[in-house]
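Q: Here is my input, please return the structure:
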Amino acid sequence: MFSDEPVVTVNEATIFQEDKAVLSNVNFTINKGEFIFLIGRTGGGKSSLLKTLYADLPLQHGYMSVAGFDIKDISRKKVPLLRRKLGIVFQDFQLFPDRSVAENLMFVLKATGWRDRSKMTARLTDVLMRVGLGSHHSKFPHQLSGGEQQRVVVARALLNEPQILIADEPTGNLDPAVSEEIFRLFLEINKSGTSILMATHDMTLVELFPARTLKCEDGKLEEIRSVKAD
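A: Purely as a prediction, here's the structure:
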């Protein structure tokens with residue numbers, strides 16, 4: 001059922017890394033189909049904020065709703081249900097090196113409750129086509145370039161048709177030309193209606209593709225720009 005509710009709502013939240021508050025009085029919303037950059041210096045709280053959004057770090061103070069889940073009160077058994085509604089893209093790929101591309105994706109489908117083998121095969125084929133890797137089913141990570149590995153990671157994040165992609169420095173290990181290719185893939189995904197929150201140090205991308213931008217600085221989160229991405 002279609003809903004006008006924001007995909008993410010954060011009110012007066014304090015974000016912790018271990019026992020240290022790294023961001024305080026955090027307030028923002030992300031609506032369906034929005035693209036948002038998250039910027040700031042290393043150690044400024046970007047990754048901690050993202051980890052709190054997908055319940056890898058606990059929310060101790062404030063309110064946070066993500067894909068219909070109350071993050072502060074979420075139980076451990078509901079965290080996998082939350083993550084089925086999210087796509088998470090990491091900087092360091094986190095692919096199984098001893099499994100093929102198809103086996104890496106199949107693992108996620110099994111872990112998130114898929115059972116029908118034919119539907120699973122069709123879904124992984126679909127997402128690989130979408131990221132431009134339709135002929136790479138049987139390849140192993142070491143046989144792929146860094147850009148191709150990150151495309152597999154994006155495909156993995158799309159398997160369960162997430163409401164939002166949360167990307168933590170997804171181009172951090174890639175050279176500039178490949179970074180732009182991966183970023184354009186994110187824009188295509190965004191145009192199909194998936195919200196995207198992307199943490200990045202790559203200010204070239206932020207300048208080339210103006211979009212709504214949140215900045216972590218001096219323990220605060222501030223919106224510094226509100227321009228629609230091309």
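Q: What ranges does the chain have for its strands?
A: For the chain, the strands defined by DSSP state E occupy 8-17, 20-30, 35-40, 61-66, 69-70, 86-89, 164-168, 195-199, 212-217, 220-225.
Q: any chance of those strands in JSON lines, plus distance to residue 133?
A: Where C-beta positions appear, they are placed from N, C-alpha and C, glycine not excepted. Output for those, formatted as JSON lines (distance: least, Cβ to Cβ, whole Å):
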{"stretch": "strand 8-17", "distance to residue 133": "29"}
{"stretch": "strand 20-30", "distance to residue 133": "28"}
{"stretch": "strand 35-40", "distance to residue 133": "23"}
{"stretch": "strand 61-66", "distance to residue 133": "28"}
{"stretch": "strand 69-70", "distance to residue 133": "31"}
{"stretch": "strand 86-89", "distance to residue 133": "15"}
{"stretch": "strand 164-168", "distance to residue 133": "17"}
{"stretch": "strand 195-199", "distance to residue 133": "20"}
{"stretch": "strand 212-217", "distance to residue 133": "29"}
{"stretch": "strand 220-225", "distance to residue 133": "33"}
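Q: Which one, of those strands, ends up nearest to residue 121?
A: strand 86-89 (19.9 Å; Cβ to Cβ).
Q: for the closest one, packing partners?
A: Counting contacts by 3 or more Cβ pairs under 8 Å, 6 or more residues apart in numbering; DSSP states H and E, strand 86-89 packs against helix 146-158, strand 164-168.
Q: was I right about residue 8 contacting residue 68?
A: No - taking contacts as Cβ atoms under 8 Å, residue 8 lies outside contact range of residue 68: 10.4 Å.
Q: residues touching the closest residue in space to residue 15 that isn't next to it in sequence, list them.
A: Counting by Cβ to Cβ, 6 or more residues apart in numbering, residue 23 is the residue found nearest to residue 15 once chain neighbours are left out, at 4.0 Å. With contacts defined as Cβ atoms under 8 Å, 6 or more residues apart in numbering, the neighbours of residue 23 are 13-15, 45, 48-49, 216, 219-221.
Q: Could you report the separation of residue 23 from residue 10?
A: Look at residue 23 and residue 10: by Cβ to Cβ, to the nearest Å, they are 10 Å apart.
Q: what's the answer for residue 28, then?
A: Look at residue 28 and residue 10: by Cβ to Cβ, they are 5 Å apart.
Q: Equivalent analysis for residue 88, please.
A: From residue 88 across to residue 10, the span is 17 Å (Cβ to Cβ).
Q: Between the two, tell me which one has more neighbours.
A: residue 10 (23 against 20; other Cβ atoms under 10 Å).
Q: how about the strands of the chain in JSON lines, adding mean pLDDT and distance to residue 121?
A: What follows is those, written out as JSON lines (pLDDT from 0 to 100; distance: least, Cβ to Cβ, whole Å):
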{"stretch": "strand 8-17", "mean pLDDT": "95", "distance to residue 121": "32"}
{"stretch": "strand 20-30", "mean pLDDT": "95", "distance to residue 121": "32"}
{"stretch": "strand 35-40", "mean pLDDT": "95", "distance to residue 121": "31"}
{"stretch": "strand 61-66", "mean pLDDT": "96", "distance to residue 121": "30"}
{"stretch": "strand 69-70", "mean pLDDT": "96", "distance to residue 121": "30"}
{"stretch": "strand 86-89", "mean pLDDT": "92", "distance to residue 121": "20"}
{"stretch": "strand 164-168", "mean pLDDT": "95", "distance to residue 121": "23"}
{"stretch": "strand 195-199", "mean pLDDT": "96", "distance to residue 121": "27"}
{"stretch": "strand 212-217", "mean pLDDT": "95", "distance to residue 121": "37"}
{"stretch": "strand 220-225", "mean pLDDT": "88", "distance to residue 121": "42"}
